[in-house]
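Asker: next input, structure requested:
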Amino acid sequence: MIIIKIDTEDNIYNIDLEYDSDILTSLKNIDNNTLELIYEWNYENNIIQCYGSLESDYNIKNKHTLPYYGLSNIIDEKSEECNIYGNIYICNKKSTKNFNDSDYGTLYFNINEYNNENMDNTDDNKIEIFKNDMIKNDLFKNKYISNCNTELLDYDNNNYLKI
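Answerer: Numbers count the residues shown, from 1 in each chain. Predicted structure coming up:
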């Protein structure tokens, strides 16, 4: 089974992993660190998994920034802000499917491109357009503006896990 390894210097390698009964057992055969499943991404009908170590005792912090929107059962940090120590391993949850560096590059580009498109259409810009449109509407102005609090609620950007 082909998976990728990202070392502490942000180099990405394809490695051929001998798959045992599960991926974590197989990874422990090639890495002595305390590895655990940190994040998952649902991408093109596949579940892409990220394994690594959150313990900093003996390892160097990994420089790699993971893609946005990773889901985790063990930490609350956003995947793009998480500190992982030692090597990072990324694979397809389906043990029969390889996941190589070009697959990861596609995933990384598509997720980050989606995020950049969302950042271009910032919430502040949308709010200003909405306010201007509503102020032009005299019915709205007469009925609601005098009683309107100008502070708007924040958007809920949390990723909720489906259990």
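Asker: which ones are touching Glu36?
Answerer: By CB atoms under 8 Å, 6 or more residues apart in numbering, Glu36 lies in contact with Leu24, Tyr51, Gly52, Ser53, Leu54, Ile74. For every residue, glycine as well, the C-beta is placed using N, CA and C.
Asker: count the residues that sit near the first one.
Answerer: Summarising burial for Leu24: neighbours were counted as other CB atoms under 10 Å, giving 14.
Asker: and stretch 64-81, how far from the chain's centre?
Answerer: Centre-to-centre, stretch 64-81 and its host chain are 5 Å apart (CA atoms, centre = their mean, to the nearest Å).
Asker: how about Asn83: what's its closest non-neighbour residue?
Answerer: Lys61 (5.8 Å; CB to CB, 6 or more residues apart in numbering).
Asker: and the gap between the nearest residue to Ile47 once chain neighbours are set aside and Asn42?
Answerer: Counting by CB to CB, 6+ apart, the nearest residue to Ile47 once its immediate chain neighbours are dropped is Lys93, at 4.0 Å. Distance, Lys93 to Asn42, by CB to CB, to the nearest Å: 10 Å.
Asker: what do you get for Ile6?
Answerer: 20 Å.
Asker: the more surrounded of these two?
Answerer: Legend: neighbour count by other CB under 10 Å for Ile6 and Asn42, higher for Ile6 (22 against 12).
Asker: tell me where the chain has strands.
Answerer: 2-6, 12-16, 36-43, 46-53, 85-92 (DSSP state E).
Asker: how far off centre is the first one?
Answerer: This points to strand 2-6. 17 Å.
Asker: with the fourth one instead?
Answerer: How far strand 46-53 lies from its chain's middle: 10 Å, per CA atoms, centre = their mean.
Asker: need the mean per-residue confidence for stretch 33-40.
Answerer: Per-region confidence: stretch 33-40 scores 93 on mean pLDDT.
Asker: let me redo that: stretch 110-127
Answerer: Stretch 110-127 comes out at a mean pLDDT of 64.
Asker: make 40 the first number, not 1, from now on.
Answerer: Shifting the count to begin at 40 puts that one at stretch 149-166.
Asker: in the lengthiest helix in the chain, what's buried?
Answerer: When the chain is parsed with DSSP state H, its longest helix is helix 140-159. By neighbour count with 16 or more other CB atoms under 10 Å, helix 140-159 contains the buried residues Asp142, Tyr143, Leu146, Tyr147, Ile150.
Asker: thanks a lot, catch you later.
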